[in-house]
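Undergrad: sharing a model prediction with you, sequence too.
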Amino acid sequence: MAGYVVVGTQWGDEGKGKIIDVLAHKADYVVRFQGGNNAGHTVVVNGEKFILHLLPSGMLHGKGKCIIGPGVVVDPKVLIKELETLEEKGAKTDHLFISDRAHLIMPYHVKLDELKENAMGKNKIGTTKRGIGPCYADKMTRSGLRVGELLDMNIFKERLKVNLEEKNVLFEKVYGAEKLDYEKILEDYKGYAEKLGHRIMDSVPEVNEALDSGKFVMFEGAQAMMLDINYGTYPYVTSSSPTTGGVTTGAGIAPNKIDKAIGVMKAYTTRVGEGPFITELVDELGERLREVGWEYGSTTGRPRRCGWLDCVVGKFAVDINGLTDVVMTKIDVLSGLKTLKIAVAYEIDGKIYKTVPASIEKLKKATPVYEELPGWEEDITNMREYDELPENCKKYIARVEEIIGCQISMVSVGPDREQNIFIKEI
Ligand code: GDP
Ligand code: IMO
Ligand code: MG
């Protein structure tokens, strides 16, 4: 049995898509377990770039089954578009299935996300405006519509009516916005049901059976540790659990079926949207990281905020996720910097913290306590063996390993599938 989980350890965009694609070539299943099309996972195959939002990053191998699991929120319009885009590029898509338990993102969720964000003004979260939060909110208040309901339009249309009536009152009375049209939504979703119906399945028994019969199943996380609804920088978080804990509820498997928990960690830090970012660099160095690392959102195109590696966050991710391995990505972006800094603690009101405090007010006041390490000049993008790496690069990796308390089994030195250095077997 082999159940591998791949999760983000920072604020997202660590390069999870690339790493899942690399590891998925031998997977029998790749299963997304949370989030929705707020994700933007980049996979580069032979120089061609694919950005996947809802589709699992294992799609491009065209071998194992890819499943959008029960814990995901699905915008069917976006999903159909993504499938069509892949098909236009000649990729196979008949190995994609969707859990009947996944919740449907409806047009009123997208509209509400937008209205809420706009109404919050300077206090906004900076969401992707894809309807993620409102959809998960409906799920929790038990009024959501699920993918399985697309297979029974009689149930679907009744539930849509009740939901839309409530949302339309909110749009008109609270936000002074226009109502949405019931018939139009119903027609659209009937069309989506026709296009997606044959892909809808009960994924839970099949995934469990696969694990029990020794198949290799990869669980793909979207977002990351610090965007987790419970442990992230609340309220500046997403509305799901992108941690390994989320796999059990989001994919319907037990914790003892997880053999490896792999955390993807960018060699520096980025964040999109609002909220505290302790090691942020709002200077030329931050600009440099953004330009060299091409740090622009894969989903919204927004420039990502950039800063030094934060090992307080790194250690937190190791603990919360029970990481067995870390993959360090984008270490090539650090080449050419004379000195590198790693945050090892925070100072808040004169007190030293080695863990991430829950209070957003404390985090806003936190300043990083840095350790400095010498950098390296060499371009490492063509290196494929650990021994080839510059000594200072090896020291950087070793020091991070030591602080976070988890082995770094692989480093990624460029966006392409081939640009990897395996240090230990994963
Ligand atoms: P994800 O959301 O975690 O899958 O990450 P994104 O795809 O949003 O952002 C990562 C970006 O970095 C993408 O443009 C990738 O092609 C790119 N990338 C991934 N790994 C590396 C790497 O090791 N080096 C460099 N230079 N780019 C990388
Ligand atoms: P991947 O999977 C980076 C951020 C948004 C916002 C907050 C809440 O590509 O790493 P939401 O739309 O989820 O309600 O927005 O979370 N966010 C991400 N940031 N990478 C992502 O996904 C993200 N998904 C959501 O920018 O700050
Ligand atoms: Mg991304």
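TA: Received it, and whenever you're ready, just let me know what you need. Ligands and ions are numbered 1, 2, ... in the order given.
Undergrad: tell me where this structure has helices.
TA: All helices of the chain, identified by DSSP state H, fall at 16-23, 76-88, 107-120, 132-140, 153-169, 182-196, 203-212, 244-251, 284-292, 311-321, 360-365, 391-404.
Undergrad: ok, which of these comes nearest ligand 1?
TA: The closest of the helices of the chain to ligand 1 is helix 16-23. By C-beta to the nearest ligand atom, the value is 3.2 Å. For the C-beta atoms, the positions are set from N, CA and C on the backbone; glycine is no exception.
Undergrad: check which helices and strands that closest one sits against.
TA: strand 2-8, strand 41-45, strand 216-220, strand 260-266, strand 325-329, strand 408-412 (3 or more C-beta pairs under 8 Å, 6 or more residues apart in numbering; DSSP states H and E).
Undergrad: now those strands as CSV including mean pLDDT?
TA: Written out in CSV, the entries for these read as follows (pLDDT from 0 to 100):
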stretch, mean pLDDT
strand 2-8, 97
strand 41-45, 94
strand 216-220, 97
strand 260-266, 98
strand 325-329, 98
strand 408-412, 98
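Undergrad: make CSV from these and add mean neighbour count and distance to ligand 2 to it.
TA: Putting the helices and strands packed on helix 16-23 into CSV (neighbours: other C-beta atoms under 10 Å; distance: least, C-beta to the nearest ligand atom, whole Å) gives the following:
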stretch, mean neighbour count, distance to ligand 2
strand 2-8, 25, 5
strand 41-45, 21, 6
strand 216-220, 27, 9
strand 260-266, 27, 9
strand 325-329, 25, 12
strand 408-412, 22, 15
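Undergrad: interface residues of the stretch 251-400 of the chain facing ligand 2?
TA: For the stretch 251-400 of the chain, the contact set with ligand 2 under C-beta under 6 Å from any ligand atom comprises 272-273, 298.
Undergrad: circling back: comparing the helices of the chain, which comes out most buried?
TA: Highest mean neighbour count among the helices of the chain (mean count of other C-beta atoms under 10 Å): helix 16-23, with a mean of 25.
Undergrad: which residues does the nearest residue to H53 once chain neighbours are set aside contact?
TA: Nearest residue to H53, sequence neighbours excluded (C-beta to C-beta, 6 or more residues apart in numbering): N37, at 3.9 Å. With contact set as C-beta atoms under 8 Å, 6 or more residues apart in numbering, N37 has these partners: 53-54, 75, 78-79, 105, 128, 130, 299.
Undergrad: same question for N163.
TA: With contacts defined as C-beta under 8 Å, 6+ apart, the neighbours of N163 are 106, 108, 138, 143, 145.
Undergrad: what is the nearest of those residues to ligand 2?
TA: Here the nearest of the contacts of N163 to ligand 2, counting by C-beta to the nearest ligand atom, is D138; it sits at 13.8 Å.
Undergrad: wait, the closest one touches H109, no?
TA: Yes. Applying C-beta atoms under 8 Å, one finds D138 in contact with H109, separated by 7.2 Å.
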